[in-house]
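>>> Fold the following and give me the result.
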Amino acid sequence: MRVPLPGLPEKVTIYEVGPRDGLQNEKAVVPAGVKAEFVTRLADAGLRTIETTSFVHPKWVPQLADAEELIDILPRSPDLRYPVLVPNERGLERALANGVTEIAIFGSATETFARRNLNRTVDESLAMFAPVAARAREQGLWVRAYVSMACGDPWEGDVPIPQVVSVASRMMEMGCAQLSIGDTIGVGTPGQVTALIEALGEAGIGPERLAVHFHDTYGQALANTLAALRAGVTVVDASAGGIGGCPYAGSATGNLATEDLVWMLHGLGIDTGVDLGALAATSRWMAGHLGRPSPSRVVQALTPETETT
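Got it, this is the predicted structure:
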């Protein structure tokens, strides 16, 4: 039953991260052809923004070493967006050479994770991103900024909101069109999320420029999403089937499952353009390739008994 609540948006854009953020943490390498079919099935289910891969050195993320091959075989449509993660100028060169039109840069709100993820301090990582963002914009690319560890860090503990706002502001000053707030280890709660969004707004980064990226480690991802929607955010990152984590933060368990998000949004009468049945079937299909059941509660609930016995 669809029962709307006051103060929520009529439509939400789902920024699907399964093919990149989901598969980057898998122990086994998924073939490019399977990844391309995964993206195709996600698009057929109605998802229009699908982050597909990362142009990172294969030494660091071997699961995404086939970025060029994948980009070349993806289905094309004027209404499909395929952002890719770009860590540095070399990554941007590869992206441009492959006709990419949308990129994301991935920063950290904490020093420890910046060093573990990028082998740089926060200041050094921002200095690395600045020419990437500048050149991408010169080439007409859409640029997104991620700020990870926005709610907590496994080594540093609670992350002060002013610290997150400072890093976020410096990234957005590079000309990024959108900022994704990442609760990388899933420790955030609704009050913290609300306060962070309010603080970003006071710093000139309003909810219309924000996206939220929650992990469900402590079961708070949907509650945090609802808090973000109440604060005016209309773009939500999610991963089909709840796959993913972070290769540089062991406590970062699965992303918010796209199916669980869609179930909640549709129950609130919010339009997503997504066919939930087709999406769940896609996640079951991918779970078969990964050799384990999907962690998504909705996928589990919608799985026919004949497939679970």
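>>> which residues of this protein fall in helices?
Counting by DSSP state H, the chain has these helices, from start to end: 32-44, 67-73, 89-97, 111-118, 122-138, 161-172, 190-202, 221-230, 258-267, 276-290, 297-302, 305-308.
>>> Show the low-confidence segments of the stretch 1-150 of the chain, by residue range.
Within the stretch 1-150 of the chain, not a single segment meets pLDDT under 70.
>>> Can you tell me how far the closest residue to G46 other than its chain neighbours is from S180?
Once flanking residues are discounted, G46 sits nearest to V274: 4.2 Å by C-beta to C-beta, 6 or more residues apart in numbering. Every C-beta, even on glycine, is put in place using the N, C-alpha and C of the backbone. Relative to S180, V274 is positioned 19 Å away (C-beta to C-beta, to the nearest Å).
>>> ok, now G241?
20 Å.
>>> More neighbours: these two, which one.
G241 (30 against 24; other C-beta atoms under 10 Å).
>>> burial of the residue nearest to that one when sequence neighbours are not counted, as a residue count?
In space, and not counting its chain neighbours, G241 is closest to S283: 3.3 Å by C-beta to C-beta, 6+ apart. S283 is flanked by 33 other residues according to other C-beta under 10 Å.
>>> isn't S283 right next to V299, touching?
Yes. If you go by C-beta atoms under 8 Å, S283 and V299 touch, sitting 4.9 Å apart.
>>> Quickly list what's touching both of those two.
241-242, 257, 259 (C-beta atoms under 8 Å, 6 or more residues apart in numbering).
>>> export those residues to CSV and tack on pLDDT and distance to G99?
Output for those, formatted as CSV (pLDDT from 0 to 100; distance: C-beta to C-beta, whole Å):
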residue, pLDDT, distance to G99
G241, 95, 28
G242, 94, 31
A257, 97, 31
E259, 98, 31
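>>> Between those residues, which sits nearest Q63?
When those are ranked by distance to Q63 (C-beta to C-beta), G241 comes first, at 16.0 Å.
>>> which ones are touching the closest one?
Per C-beta under 8 Å, 6+ apart, neighbours of G241: 18, 22, 257-259, 282-284, 286-287, 294-296, 299.
>>> Of the residues you listed, which is the most crowded?
Most surrounded of the contacts of G241: other C-beta under 10 Å gives T258, at 35 neighbours.
>>> do you know how far the closest residue to W142 other than its chain neighbours is from L42?
Excluding the flanking residues, the one nearest W142 by C-beta to C-beta, 6+ apart is E102, at 4.3 Å. Note on E102: its distance to L42, by C-beta to C-beta, is 16 Å.
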